[in-house]
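> Next comes the sequence, and after it the predicted model I'd like to discuss.
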Amino acid sequence: MGKHTMSLKLKRRAFLQIATAASLAAPFVRPAAAAGDTATIGWPNDVPSWDPNQRFTPDAQPIFKAVYDQPLDQDPQLKLIPHLIKNWTLAPDATSMAVELRDDVTFHNGDKMTTEDFRYTFLERIRSGVKLDTANSWKRVDDIVIESPSKATMKFSAPDPTAPQWMAFLGSYIVPKKYIESGGLDNFLKKPVGTGPYRLAEYELNSRIVLERDDSYWGPKAKVARVTIEIIKDPSARVAAIQSGQADFTLNVPVREVQRFQSEGGFAAELNPITRVILLQVRADLNFADQNVRLAAHHAIDKAALSKAFYGGAAVPLSVVATPGSPGYLPDFSFKYDPELARQLLAKSGHGPSNPVKIGLAATNGQFPSDYDMARAIVQMWQKVGIAADLQIIEYAKYFELNRASKLPEATLYSWDNATGDPEIFSGYLLNPKMPFSAWKDEAVGGKVLKLFNVANYDARIAGYRDVERFAVEQGATIPLLQSVLTVVRKKNLQYTKYGNGWVLPQTLQWS
Amino acid sequence: MAGSLAHALRSPRVLLALAMVLGLGVCAIFAGFIAPHDPGEQNLLSILTPPAWAPDGDPSFLLGTDSLGRDVLSRLIYGARTAMLVAVFASFGAMIIGTILAHIAGYFGGAVDWIIGRLVDVWMSFPPVILSLILMVGLGVGLDRVILAIVLVDWTRFCRVLRSEVLIVRRHDYVAAARLLGFSHWQTIVREILPATLPLLITLFSLEMAIAVVVEAILSFVGLGVGPNQAAWGQMIADARQYVYQSPWNLLLPIFAIFFAVAAFNLLGDGLRRTLDVRLAQAER
Amino acid sequence: MLVIVAKLVARRLLAAVPILLVVSALLFCVLRLLPVDPAAMSLPTTATIAEIEAKRREMGLDRPLPEQYLIWLSDALHGNFGRSIQFGREAGSLVAATLPATIQLAGAAMVLAAIFGLGGGLLLFHLRGTWFEAVTDIVSILLLSIPEFLWGLILLFVFGVALHALPFTGAVSPNLPQPHVTGFLLIDALLVGRLDVFASAFRHLILPALALGLAFSPAIMRVLRSSLFDVYHEDYIQQARLRGLSERQILLGHALKNAALPTLTLAGVQFGILFSGTLLVEVIYSYPGMGNLMVDAVRNADLPLIEAIGLTYCVAVLLINTVVDSLYVVLNPKLRVR
């Protein structure tokens, strides 16, 4: 390291320290907001960074949606609805999409939001070499032609039939071009500026996020003026926080706690099925290279018992990676629980309880309700048929790293998010060998998926996915378990809007 | 030595402690016979049942079940096995390394003593909890790794205390006499010095067992212990914390088990210290 | 006098430097042996193999281990421990942000441990010779058998879960602001004039501090008692009796002063251990200090952060020991003459 960079580094450090001190000292000048105008949420995870385009972290999306806006939005039933984009037209061959943006939107620093920012977010930033996860979702964008401050056309290098869905999905938030380019990325990360219903008033890493209502917001204004999001990673600590009144709202607490809260006055406790699938993400190699072993692993799992034991029976057992009611769901197909068949399959490959096949199983602990318990239950179910699984606990953040580096073990217990409900984002991403999300790298299933990515016709695409889903399960390329359940505990008089995908949006909170 | 041990066995404190240790030892060795269930056997249909005497209790699970429907009593018993294995082997390993280095340092003195002394200094400047955590990151989870980590952290406890004892013993006349009689250094250490430091050694060993039990519980509690497939008290506590409102038993029982084991070894150590007339700073915990 | 003390402290600190160097080298080596790639982990999920290689070179991971250590050391001496892999922020700044909370907790716990230790020690001594003695003796050993980690859980259960009497998560109620002036929450609350914040922070501190204080007081208790025993065998106690001083005057005026010395040494050693004992208590009470950060870092194999925190703990313990050593000399007239 040269002398020059060293001194620069030191200068920047000094600057950052001053900046932090200034920004954090500011809020205490203001008088506290009136009671009833504030709410505190106990939230399981911090945002990975304040750059909303940077990382696809499903659990951070509701927080991003408070500070930033997406081009398109979803209503509580997950239908696509206009948001920053007033209207859009996808060309029949899906190689271009014309959009018209609202002209009454400003960023929190007062700058007007225009198609310049749109082009910057979905093209210029990605090309500039900044490492963004959105580079994956928008890699087919060849150009964005600006026709006016509110009109633009996206040109794709290959058909992109799900472009509108992606405008409302992970990471697609419009960021301020002028602010980032003039102030630098570090400044943006320290003092993020979006167009959302709240501005970020206070942020303490891994501890709390304080949102303050933006009174000049272009859309319906938030009801609660000041929302504090308290980062509480430990599920039992979240329970304690709501129990003691330190938090008004919390989520992802153990299901049994929900049942307990239901019998206590003053609280509303809910188990909401959402568009997430709890599944085992599997590899096509290692000891899972043998299809018999994979299928045996699937047949050995008693999903109904898992649901009953850990979700009070509220989580629907699944046979395909799609939730009931979503376009890709197959109501007629079922993959049966049959430990005897599992034993026979293993015997074909020369394994049995006395000579078990050894595999690895990764799981998180406390990321979604009962994850660790469920993983241990699965280990035991496998043990009975002759699969010896070595269970390792990984952190949520580490899951993404391991997956990208192809270092996940044979199976990983994960809650697969698909806020849109579209099958592409279930099986398409799960099984596409070219995607970093996919643990499954194989051509038989992968080839079918890759073809579907180019099908522009909606009905043909959905029909194709329904085929793939069934095929993938029969090949043992994926092991769906249950429809995920969001647990919510809140004070009875704090209302919120329930979204089918489990979003808890601060802007929908309201005291009654 | 034999006489003083016999003396120790007449102390009620030592006897009480020995009875407690014996109880733990029986649980550990005969866990397979005593435990009513397999400690890993899950029963997803009866999760978090209260103890058998409570209104909703199930007589087949005497102390109730945990969040996976595993029998708490059986897990406590097998947890004792884990704790005792760690306590015995880790303390033994730490004792051997610590004792050898202490005797070398105390007997030869000079540069060897200085080097070993500095080594101990460096080690002691690492807080034990921090060092064992860092070691576990490097070693990975597992029973053998926990034992190794404790040995690597705690040998200094033996080394530091024993070294000063050796220094005192070697000034005695009979040690010089042994040398004059033509004993080699090795023979002198083994035949003359070691027996003299034995009472202290036994006392330290007993206290170290208490420490090892706590460290194992701590490591299992933060998820860096013996691993998920082995019943361990620390792991039981970590699991039970999630359900403390519905099943306080699950939290309180392993807490009591740890307390019982630690108290047994501390009482034994304290009793031995008194009866064997060992000079020992009270700071050794 | 002051000069002597200053010289002494300086000499002890100087002696600690080589220890610290060896400690840091050890820490560095242990963590470099881990099967994780710091380069790959510090890049986003879309990074290519070539980019990871470039990062490896940039981080100096392709050089021999001793050279890597020297690079790391020179950076560390400039306060730069590298960026935390999971938070993307300077590891040093993360430590700086959480250290005050830990110091505050350790300080409060030490005060409690001293109060309980002193009170308990005097009580034990007062009961000497009565039939109570054997009971208190056993009780004190039993108390010695409850480490801070168990006290933490027991107190959490009794006062938090069962009685709903005290808060047991975090450092302050979520609905209150956290002022930042010095980093010490209790002080900062007063500085910005928020008594409600102070009260809340104080209530949040009670259980964790109590857990640590209770765990470390029995040792102090027992040493104070046995030191008092030793002192009472000295001649000047007899002389004081002959001069007609009351037992209370003898105890508080003479004996306690002389028994303080060994007790203080022990308390110093205890404070070093207590400081690292904050780790588990912080985890149990989700207290936002360095210990919680450490467990987070360990679980995520966040090497730069583990190194930074590990070293900070070592520095803290060495500093505490140095101060206690110096205090010992200051208070001990026999050593001062030399």
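Nice, thanks for sending it over.
> So is whichever strand or helix holds residue C:27 next to chain B?
For residue C:27, the element it lies in under DSSP states H and E is helix C:2-32. Yes. Counting by Cβ under 8 Å from any Cβ of the partner chain, chain B has neighbours in helix C:2-32: C:16, C:19, C:20, C:22, C:23, C:26, C:27, C:30, C:31. C-betas here are computed from N, CA, C, even on glycine.
> ok, of those residues, which come out buried?
If you count burial by 16 or more other Cβ atoms under 10 Å in any protein chain shown, the buried members of these come out as C:16, C:19, C:20, C:22, C:23, C:26, C:27, C:30, C:31.
> Against residue C:317, how distant is the second one?
Meaning residue C:19. According to Cβ to Cβ, to the nearest Å, residue C:19 stands 10 Å off from residue C:317.
> tell me which parts of chain A are close to chain B?
Within reach of chain B by Cβ under 8 Å from any Cβ, chain A has these residues: A:234-236, A:239, A:243, A:254, A:256-257, A:260, A:302, A:305-306, A:308-309, A:365-366, A:370, A:373, A:376-377, A:379-380, A:391, A:393.
> List only those of those flagged as buried.
Neighbour counting by 16+ other Cβ under 10 Å classes A:234-236, A:239, A:243, A:254, A:256-257, A:260, A:302, A:305-306, A:308-309, A:365-366, A:370, A:373, A:376-377, A:379-380, A:391, A:393 among the residues of chain A next to chain B as buried.
> before we move on, back to that, list the ones among the residues of chain A next to chain B that fall in strands.
A:391, A:393 (DSSP state E).
> and the residues of chain A next to chain B near chain C, which?
Applying Cβ under 8 Å from any Cβ to those, those adjacent to chain C are residue A:234.
> Stretch C:146-163 and chain B, any residue contact?
Yes. Counting by Cβ under 8 Å from any Cβ, chain B has neighbours in stretch C:146-163: C:146, C:147, C:149, C:150, C:153, C:154, C:157, C:161, C:162.
> try stretch C:217-229
Yes. For stretch C:217-229, a contact with chain B is found by Cβ under 8 Å from any Cβ, at C:219, C:222, C:223, C:226.
> Surely the third one is in contact with residue C:266?
So the one you mean is residue C:223. Yes. Contact criterion Cβ atoms under 8 Å: residue C:223 and residue C:266 qualify, at 4.7 Å.
> pLDDT at residue A:64, what is it?
Turning to residue A:64, the model gives it a pLDDT of 96.
> Likewise for residue A:379?
94.
> what residue lies at the spatial centre of the chain?
Picked chain A for this. residue A:58 (1.7 Å; Cα atoms, centre = their mean).
> That was the other one, I meant chain C.
residue C:275 (1.0 Å).
> ok, which stretches of chain B are helices?
B:2-8, B:12-29, B:31-34, B:72-108, B:110-124, B:128-139, B:143-170, B:173-180, B:185-188, B:194-221, B:233-241, B:248-275 (DSSP state H).
> now the second one against helix B:194-221, angle please.
Orientation check (axes from the mean of the first three to the mean of the last three Cα atoms, to 10 degrees): helix B:12-29 against helix B:194-221 gives 50 degrees.
> Where in the chain is the helix or strand with the lowest mean pLDDT?
Reading this off chain A. Lowest by mean pLDDT, DSSP states H and E among the helices and strands of chain A is helix A:3-25, with a mean of 38.
> nope, chain C please
Lowest on mean pLDDT, DSSP H and E among the helices and strands of chain C sits helix C:333-337, with a mean of 55.
> My understanding was that residue B:137 contacts residue C:33; is that so?
No. When contacts are counted by Cβ under 8 Å, residue B:137 is not listed as touching residue C:33 (10.1 Å).
> okay, these two: which has more neighbours?
residue B:137 (22 against 10; other Cβ atoms under 10 Å in any protein chain shown).
> residue contacts, that one?
B:224, C:31, C:34, C:298, C:301, C:306 (Cβ atoms under 8 Å, 6 or more residues apart in numbering or on different chains).
> picking up where we left off before, next structured bit after the helix or strand harbouring the residue nearest to the centre of chain C?
Per DSSP H and E, residue C:275 falls inside helix C:256-284. For helix C:256-284, the following helix or strand on the C-terminal side (DSSP H and E) is helix C:290-299.
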